[in-house]
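Student: Got a sequence here, can you build the structure:
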Amino acid sequence: MDLKNIFMIKGDGAYSKLKYESGVHRVQRIPTTESCADVFTSTVTFAVFFQKPKKLMLMSLLMI
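Tutor: Numbers count the residues shown, from 1 in each chain. As a prediction, the model looks like this:
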């Protein structure tokens, strides 16, 4: 199954707290319904991008 979720996190320091989280993350779990204790593995690719505030972008266009 191929799922795709895109979301934006805003706030003071959001980028500085998440900038090193880019990459592949793996989660291993054992469902409580399993009797033979099979380990299920899921992966997610996480990318972090910085987006300049729109006000700063407009100011830099006016300066050109």
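
Student: C-alpha only now, for contacts and for neighbours.
Tutor: Fine.

Student: now the helices: where do they sit in the protein?
Tutor: For the chain, the helices defined by DSSP state H occupy 14-18, 54-63.

Student: quick one: the closest residue to residue 26 other than its chain neighbours and residue 29, what's the gap?
Tutor: Nearest non-adjacent residue to residue 26, counting by Cα to Cα, 6 or more residues apart in numbering: residue 43, 4.4 Å away. Separation of residue 43 from residue 29 (Cα to Cα, to the nearest Å) stands at 12 Å.

Student: for this protein, what spans make up the strands?
Tutor: Ranges of strands within the chain are 23-29, 40-46, based on DSSP state E.

Student: and residue 43, what is it in contact with?
Tutor: 24-27 (Cα atoms under 8 Å, 6 or more residues apart in numbering).

Student: Distance to residue 11, pLDDT and neighbour count for those - can I get that in a markdown table?
Tutor: Shown next, in a markdown table, are the contacts of residue 43 (distance: Cα to Cα, whole Å; pLDDT from 0 to 100; neighbours: other Cα atoms under 10 Å):
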| residue | distance to residue 11 | pLDDT | neighbour count |
| --- | --- | --- | --- |
| 24 | 24 | 92 | 10 |
| 25 | 24 | 91 | 11 |
| 26 | 27 | 93 | 9 |
| 27 | 27 | 90 | 10 |
